[in-house]
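>>> Everything below, folded, please.
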Amino acid sequence: MKHGYKTTEFWITALSVIATAIMAGLNLLSADQVAIASAVASGLYAISRGLAKRNVVWRDEIVN
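So this is what the prediction gives:
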């Protein structure tokens with residue numbers, strides 16, 4: 001199992017949060033939109049990591 005920061009999901013989430021913050025700085029998005037986009041990206045990241053870890057635990061139980 002990879003550490004979280006070594007996954008593509010982490011980097012996609014980080015880049016999307018940074019991109020929305022930049023867009024807010026350029027007045028392309030409101031603060032509310034940035035908060036919603038960041039929360040959605042973070043929530044989806046948490047779900048994807050949870051599913052990945054669940055599959056590893058499940059496979060380990062089958063092997064043992």
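
>>> what's around A19, how many residues?
14 (other CB atoms under 10 Å). For the C-beta atoms, the positions are set from N, CA and C on the backbone; glycine is no exception.

>>> Which element, helix or strand, includes it?
A19 is located in helix 8-25, with elements delineated by DSSP states H and E.

>>> counting contacts, what elements does that helix pack onto?
Judged by 3 or more CB pairs under 8 Å, 6 or more residues apart in numbering; DSSP states H and E, the packing partners of helix 8-25 are helix 31-63.

>>> what angle sits between the helix it packs on and helix 8-25?
When axes from the mean of the first three to the mean of the last three CA atoms, to 10 degrees is applied, the directions of helix 31-63 and helix 8-25 differ by 180 degrees.

>>> Only the buried residues of helix 31-63, if you could.
Using 16 or more other CB atoms under 10 Å as the burial criterion, the residues of helix 31-63 that qualify are V34, A37, S38, A41, Y45, S48, R49.

>>> I figured the third one was touching M23, is that so?
Meaning S38. No: the criterion here is CB atoms under 8 Å, and S38 misses it with M23 at 11.2 Å.

>>> Show me what counts as buried in the helix holding A19.
Neighbour-count burial for helix 8-25 [16+ other CB under 10 Å]: E9, F10, T13, S16, V17, T20, A24.

>>> excluding its backbone neighbours, what's nearest R49?
Excluding its sequence neighbours, the residue lying closest to R49 (CB to CB, 6 or more residues apart in numbering) is G4, at 6.2 Å.

>>> So, low pLDDT: which residues of the protein?
Scanning the chain for pLDDT under 70 picks out 1, 56-64.

>>> now for this protein, which residue lies nearest the mean position of the chain?
Nearest to the geometric centre of the chain sits Y45, at 2.7 Å (CA atoms, centre = their mean).

>>> Thought T13 was touching that one, still the case?
Yes: with contact defined as CB under 8 Å, Y45 reaches T13; the gap is 4.1 Å.
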